[in-house]
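Trainee: got a predicted model here, sequence first, then my questions.
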2 protein chains.
Amino acid sequence: MNNLTSFKEFSQRVSLSRQDICREIFEDNRQHIKIKKEKTVVKNLVRIFDAALKISNQTGFQAMSMRSLSRETGLSMGGLYAYFSGKEDLLEMLHSIGHTTTWRTLEENLNGLTDPVARLRVAIQTHLFLSEVMQPWFYFSYMEARHLPPTQKERSKNAELETERLYADIIDDGVRQGCFAVDDVLLAASVIKAMLQDWYIKRWKYAKRGVSVDRYGLFLVDLVEAFCLAPEYRKRKALERGDDGLFGPAEGRPAGRRAADRGN
Amino acid sequence: MNNLTSFKEFSQRVSLSRQDICREIFEDNRQHIKIKKEKTVVKNLVRIFDAALKISNQTGFQAMSMRSLSRETGLSMGGLYAYFSGKEDLLEMLHSIGHTTTWRTLEENLNGLTDPVARLRVAIQTHLFLSEVMQPWFYFSYMEARHLPPTQKERSKNAELETERLYADIIDDGVRQGCFAVDDVLLAASVIKAMLQDWYIKRWKYAKRGVSVDRYGLFLVDLVEAFCLAPEYRKRKALERGDDGLFGPAEGRPAGRRAADRGN
DNA sequence: GTCTATACACAGATAGAC
DNA sequence: GTCTATCTGTGTATAGAC
């Protein structure tokens, strides 16, 4: 058992459609939304967020005019203001959903797992796959965080620190239990986050090259384990190589450090 | 010999003052600049770029009005237009300097080094230290790249791919020579870039925690080597530990994977 | 629930005085 | 070489018709 799964399995299991996301946003923001019929609201919110993310992620939220949003959604300028009280409101709605979903999904997927090695693997994969399902939202949150008003900016920084803390806690546990050997746990957690973020920030690069999210995930797990695992555990992993059965022998999975580990 | 140096030594050696940078920009853009006296131009360019980077990096280039730039620089709106023909021009000037400087500095510092292990160490450290010296410029280039007009956007993407290629070439060499054992060289290069970028993008985080750039650099080298080095070389490195003499025994250097490597 | 028409603030840019 | 004054386009937001 290596606790690894595929993106396909993950995305079917979590099943986060745009409608689902917009329904949740609607429920969190009933106060600000003038229209009351859920079906209408969800239908239009999907159009609004699709358009807003498309334009913003190309040129920046600031540069997205209400006129262009109106053109892209097919709704009139006046019509748009029935769904948010101003551009600031829209900005907040676009931000709010990412962190709560991440946190909830990570907790759901880590729930019940106690082995630090398994927890670290699952956290990385879950986080990565979620960022793939919600790529436009994650990209937006990352790029537009600095344009937030001070209070929300602080909240955004705390979100970064909290998820980082989650990784650090897992590694800390592992060090205490002897399966990991890491001296600077917080820095290790930081670079794990950095590598996870690179996937949704530089998607153009990985797409161009045909790197699948499965391959990227396995690569990350491999790299992180090469750095974190205590020597005895690294040897054990080397022995397990080649017959974990995931995805079959060749397609869709990176060779990782196989050559190196055989030498150990 | 471990090829590692300190940020202090680096910054004294390269000595890239804001005046130096602005002088270079002036020479590259004489056509667009109406004022001809170098001393005047450099003096004002320093003020303009200082202000532009300060405002842009807080709120985004798009959100920076010419009025606020005028206020921050002390120059009038009319006066500013003597130094660039429009906001687009300013944007291009802010972008142009980063990549050329990076490339030149990397080449200068790698020149003469042939051992892939040394080259990888020096590339990472040089790149990181340069990004520290020119932090506002690097941050700006990273965050504002997507607002560039298509042609320059393409150029910016190519810059990303080129530096990545540099890391990939070093690792490839090492694999051929047997000191590295990496299967997916390009992905390894990608995540090295991602971790380097995290330093200047999330400076607030590392500053808050008191992580020095020296410590971050040594951590990165350590992590990358844990993943890339062939097993025999990893053992050799473990033996060298503790008496490399850099920075003395304790202060300013991370313990790295010392504990783990002792177990090997 | 959605649209059209419009208010009015502020953006970038320039002409011409000093 | 720098400033003040001003032009013109575009931005967000709203009132009131349908």
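Mentor: Yep, that arrived. Residues are numbered from 1 along each chain as shown, chains lettered A, B, ... in the order given.
Trainee: pretty sure A:E88 sits against A:P149.
Mentor: Yes: shown here, A:E88 and A:P149 form a contact pair, counting by CB atoms under 8 Å, at 7.5 Å. (Each C-beta comes from the backbone N, C-alpha and C, glycine too.)
Trainee: ok, A:H95 to B:A118 distance?
Mentor: For A:H95, the distance to B:A118 (CB to CB, to the nearest Å) stands at 44 Å.
Trainee: mind checking which of the two has more residues around it?
Mentor: A:H95 (20 against 17; other CB atoms under 10 Å in any protein chain shown).
Trainee: gap between the more buried one and A:K54?
Mentor: Distance of A:H95 to A:K54, computed by CB to CB: 17 Å.
Trainee: now swap in A:S190 and tell me
Mentor: As judged by CB to CB, A:S190 and A:K54 stand 31 Å apart.
Trainee: more neighbours, the two?
Mentor: The residue with more neighbours, out of A:S190 and A:K54, is A:S190; 26 against 14, by other CB under 10 Å.
Trainee: quick check: closest non-adjacent residue to A:R67.
Mentor: For A:R67, ignoring the flanking residues on the chain, the nearest one in space by CB to CB, 6 or more residues apart in numbering or on different chains is A:M77 at 6.8 Å.
Trainee: cool, A:S96 as well?
Mentor: Nearest residue to A:S96 in three dimensions, chain neighbours excluded: A:D28, at 6.6 Å (CB to CB, 6+ apart).
Trainee: what's the burial count for that neighbour?
Mentor: If you count neighbours by other CB under 10 Å, A:D28 ends up with 13.
Trainee: how close does it get to A:H127?
Mentor: 22 Å.
Trainee: do the same with A:R241
Mentor: A:R241 is 24 Å from A:H127, by CB to CB.
Trainee: who has more neighbours, those two?
Mentor: Remark: of A:R241 and A:H127, A:H127 carries more neighbours, 25 against 13, as counted by other CB under 10 Å.
Trainee: which elements pack onto the helix or strand where that one lies?
Mentor: According to DSSP states H and E, A:H127 maps onto helix A:116-133. Judged by 3 or more CB pairs under 8 Å, 6 or more residues apart in numbering or on different chains; DSSP states H and E, the packing partners of helix A:116-133 are helix A:7-14, helix A:87-110, helix A:150-177, helix A:185-201, helix A:213-228.
Trainee: figure out how far it is from the centre of its chain.
Mentor: Helix A:116-133 has its C-alpha centroid displaced from the chain centroid by 9 Å (CA atoms, centre = their mean, to the nearest Å).
Trainee: give me every residue in chain A lying close to DNA strand C.
Mentor: Where chain A comes near DNA strand C, counting by CB under 7 Å from any atom of the strand, the residues are A:34-37, A:40, A:44, A:74-79, A:82.
Trainee: are any of those buried, and which?
Mentor: A:44, A:75 (16 or more other CB atoms under 10 Å in any protein chain shown).
Trainee: and of the residues of chain A next to DNA strand C, the nearest to B:K205?
Mentor: Nearest to B:K205 out of the residues of chain A next to DNA strand C is A:N44 (CB to CB; 37.6 Å).
Trainee: who's in contact with whichever residue of the stretch 101-250 of chain A sits closest to DNA strand C?
Mentor: Of all residues in the stretch 101-250 of chain A, A:H147 sits closest to DNA strand C, at 14.5 Å by CB to the nearest atom of the strand. By CB atoms under 8 Å, 6 or more residues apart in numbering or on different chains, the contact set of A:H147 is A:61-62, A:91, B:59-60, B:63.
Trainee: same check, this time on A:C228
Mentor: A:120, A:171, A:174, A:180-182, A:188.
Trainee: the same query, at a cut-off of 7 Å, please.
Mentor: Listed by CB atoms under 7 Å, 6 or more residues apart in numbering or on different chains, the contact set of A:C228 reads A:171, A:174, A:180, A:182, A:188.
Trainee: of the residues you listed, keep whichever come out buried.
Mentor: Taking 16+ other CB under 10 Å as the criterion, what is buried in these is A:171, A:174, A:180, A:182, A:188.
Trainee: these two touch, right, the last one and A:V182?
Mentor: Yes: here A:A188 reaches A:V182: they are 5.2 Å apart, a contact under CB atoms under 7 Å.
Trainee: now do the shared contacts for those two.
Mentor: Shared contacts of A:A188 and A:V182, defined by CB under 7 Å, 6+ apart, comprise A:171, A:228.
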